[in-house]
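Asker: I would like the atomic coordinates for the input below:
(one chain, ligands or ions: 1)
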Amino acid sequence: MKNTVSTLLQQKQSGDKITMLTAYDYTTAKIIDECGVNSILVGDSLGMVMLGYENTLPVTMEDMIHHTAAVARGVENAFVVADMPFMSYQVSVREAVINAGRLIKEGSANAVKLEGGAEVCEQIEAIVNASIPVVAHLGLTPQSVNAFGGFKVQGKTFEKARKLIDDALKIQQAGACAVVLEGIPAKLADIITKKLFIPTIGIGAGNGCDGQVLVYQDMLGLTTGHTAKFVKRFADLGDMMRKGINDYITETKNTAFPSEEHTYAIDDDIINKLLEDNE
Ligand code: KIV
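Answerer: Coordinates of the predicted model:
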């Protein structure tokens, strides 16, 4: 059954935790969808994990549309959310609506996600008025990395925590259908989750949220180097890939691959005739 905004809302009401993972391509999205994950986020994290940028800021609308369309082609049931990239919604409400529309029309997303609180409520309202569901994103919002001075946990002082609660209520009032809470203390995420009727989806925000989201490369062990404290590795696909690739190199060099089982045969009579023909 296709997951929709109503499914996510019902899950919050019944206490059934929402599962969300990122995906950026057809094959991965198909596997994640077949596992029964409720929602797939085509995050602008693709700038880092797919395109090798240092942060999400260089990601373009074209990047997002290209990857969202590929994901959507692989999905049957998950609710597909596409990130609005940096500077695609901040400049004006009009641009925000046009760009959200492109992610739905050209990318086949079911909803868009944008970062920020009170300052983007006008955009949220206008996009929702165009019948496009909006997922908000509060806390450690990666597009604000320069303003934050790095990827740092947010909402640790009384004033900042109170502003996050206030922002959460405002984005809900503006019509957001869910909110991602990233990199904030678990107890603050609990308070926000209890205050909202829309679902909260946490990443580094504790298990009191209505659901969880992770970047799939992080949780499957495909990323190398430093990973955030909130990342749990559920598998080590990176090691499996390395082993498979090394075995391929060895077997190709020593001609163990391709063996007969991976080779097409032809009638010997035909080969003999061809050899005679060439003499
Ligand atoms: O871009 C992304 O993948 C995200 C998640 C980390 C929530 O926004």
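Asker: give me every residue that touches Asp190.
Answerer: Gly206, Gly208 (C-beta atoms under 8 Å, 6 or more residues apart in numbering). To be clear about C-beta, it is placed using only N, CA and C from the backbone, and glycine gets the same treatment.
Asker: Check the gap between it and Ala161 for me.
Answerer: Shown here: Asp190 relative to Ala161, a distance of 12 Å by C-beta to C-beta, to the nearest Å.
Asker: can you check Ala69 too?
Answerer: 39 Å.
Asker: CA atoms of stretch 182-196 as CSV?
Answerer: Provided in CSV are the C-alpha atoms of stretch 182-196 (Å, rounded to 0.1, in the frame of the first residue of the first chain):
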residue,chain,number,x,y,z
GLU,A,182,18.2,16.8,13.4
GLY,A,183,21.1,17.0,15.9
ILE,A,184,19.2,18.3,19.0
PRO,A,185,19.1,16.9,22.5
ALA,A,186,16.7,13.9,22.9
LYS,A,187,14.7,15.5,25.8
LEU,A,188,14.1,18.6,23.6
ALA,A,189,12.9,16.4,20.7
ASP,A,190,10.5,14.7,23.2
ILE,A,191,9.0,18.0,24.2
ILE,A,192,8.5,19.1,20.5
THR,A,193,7.1,15.7,19.5
LYS,A,194,4.5,15.9,22.3
LYS,A,195,3.5,19.4,21.4
LEU,A,196,2.9,18.7,17.7
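Asker: My reading is that Val91 lies in a helix. Confirm?
Answerer: No - counting by DSSP: H, G, I helix; E, B strand; the rest coil, Val91 falls outside a helix, being coil.
Asker: Which phi and psi values does it adopt?
Answerer: phi -70, psi -50 (degrees, to the nearest 10).
Asker: burial of it, as a residue count?
Answerer: Look at Val91: counted by other C-beta atoms under 10 Å, it has 11 neighbours.
Asker: Please tell me how far Gly107 sits from the ligand.
Answerer: 15 Å (C-beta to the nearest ligand atom, to the nearest Å).
Asker: pretty sure that residue is touching Val75, no?
Answerer: No - with contact defined as C-beta atoms under 8 Å, Gly107 does not reach Val75; the gap is 11.7 Å.
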